[in-house]
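**Q** how does the following fold in three dimensions:
(one chain, ligands or ions: 2)
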Amino acid sequence: MDYNWAKWKGEYRIKIIVVGEPGVGKTSFIKRYVQNKFSHDYKSTIGVDFALKNLINNSNLTIMIQLWDIAGQERFGSMTRVYYQKALGALVCVDLSKKDKLDAADKWIADIRSKVFLPINDNENVSIPIFLMGTKADLPDLISPRNFQAKGNQHNLMGVARTSSLTNTGLNEMMLQMVYKIMDEYSSFADIEERETESDELKVDEEHIQPKTVNSKECCT
Ligand SMILES: Nc1nc2c(ncn2[C@@H]2O[C@H](COP(=O)(O)OP(=O)(O)O)[C@@H](O)[C@H]2O)c(=O)[nH]1
Ligand SMILES: [Mg+2]
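**A** Residues are numbered from 1 along each chain as shown. Ligands and ions are numbered 1, 2, ... in the order given. Down below sits the predicted model:
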């Protein structure tokens, strides 16, 4: 795929949430992609954590990816709304070496689609883009590419990718593809400058409130 990043200028931040059953390799993916490290030790994640990576960083354009790891909450099969808040994309992870676990993707996709929306105009919300991420492609006896793609089609997902964090296969291409599509369709939600303008408006409101407080103090001493 060809990418033409030059069509955007400015500073963008994209929150992407990473979900899926315990042990599928979510934390390993984030570690590999952001720090280029891999470990075989299984440590379940405690607490919501996120990692930042600059995908593009030149004088005209900065695209920062914020990858949110799950908080051990994956045990409950769904996540809190806070975790999903302001996400612009989701990676639903399934372990390619567990043929009977492909359907676990269904409930994660349903959970995301019931909890997070992008208001594209005054009366229309859309669900965020979702990628189906197959993990551990280095192992034998994998879910077939055909069945895997069929799962993506069944849910009308933005894309599917077969990856391995152990061998660092497919991760960069998957992220480029996903972020490019998010920028193409939803860059206004990722634009940091637009977001700062929003918070400036909030500050103005606070200033309106402050003088009242001062007045009331003056009145009563
Ligand atoms: N063979 C192989 N093992 C992996 C891969 N990614 C993760 N693992 C292993 O799978 C286990 C669970 O990984 P982890 O990232 O903690 O899963 P999480 O619970 O989804 O965060 C660990 O023992 C990892 O070393 C991979 O690409 N290939
Ligand atoms: Mg984890």
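
**Q** need the strands for the protein, in chain order.
**A** 10-20, 49-57, 61-69, 89-95, 117-121, 124-127, 130-135, 159-162 (DSSP state E).

**Q** mean neighbour count and mean pLDDT added to those, as a markdown table?
**A** In short, each C-beta sits where N, CA and C put it, glycine included. Formatted as a markdown table, these follow (neighbours: other Cβ atoms under 10 Å; pLDDT from 0 to 100):
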| stretch | mean neighbour count | mean pLDDT |
| --- | --- | --- |
| strand 10-20 | 22 | 96 |
| strand 49-57 | 14 | 90 |
| strand 61-69 | 20 | 95 |
| strand 89-95 | 26 | 98 |
| strand 117-121 | 12 | 92 |
| strand 124-127 | 12 | 94 |
| strand 130-135 | 26 | 98 |
| strand 159-162 | 18 | 98 |
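
**Q** export those to JSON lines and tack on distance to ligand 1?
**A** Shown next, in JSON lines, are these (distance: least, Cβ to the nearest ligand atom, whole Å):
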{"stretch": "strand 10-20", "distance to ligand 1": "6"}
{"stretch": "strand 49-57", "distance to ligand 1": "10"}
{"stretch": "strand 61-69", "distance to ligand 1": "7"}
{"stretch": "strand 89-95", "distance to ligand 1": "6"}
{"stretch": "strand 117-121", "distance to ligand 1": "25"}
{"stretch": "strand 124-127", "distance to ligand 1": "23"}
{"stretch": "strand 130-135", "distance to ligand 1": "5"}
{"stretch": "strand 159-162", "distance to ligand 1": "11"}
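
**Q** could you export those strands as a markdown table, including distance to ligand 2?
**A** Output for the strands of the chain, formatted as a markdown table (distance: least, Cβ to the ion, whole Å):
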| stretch | distance to ligand 2 |
| --- | --- |
| strand 10-20 | 9 |
| strand 49-57 | 9 |
| strand 61-69 | 6 |
| strand 89-95 | 10 |
| strand 117-121 | 26 |
| strand 124-127 | 24 |
| strand 130-135 | 11 |
| strand 159-162 | 19 |
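
**Q** what stretches of this structure score poorly on pLDDT?
**A** 42-48, 71-73, 77, 195-221 (pLDDT under 70).

**Q** flag every residue of the protein that's near ligand 1.
**A** With Cβ under 6 Å from any ligand atom as the criterion, the chain meets ligand 1 at residues 22-28, 40, 42, 44-45, 135-136, 138-139, 164-166.
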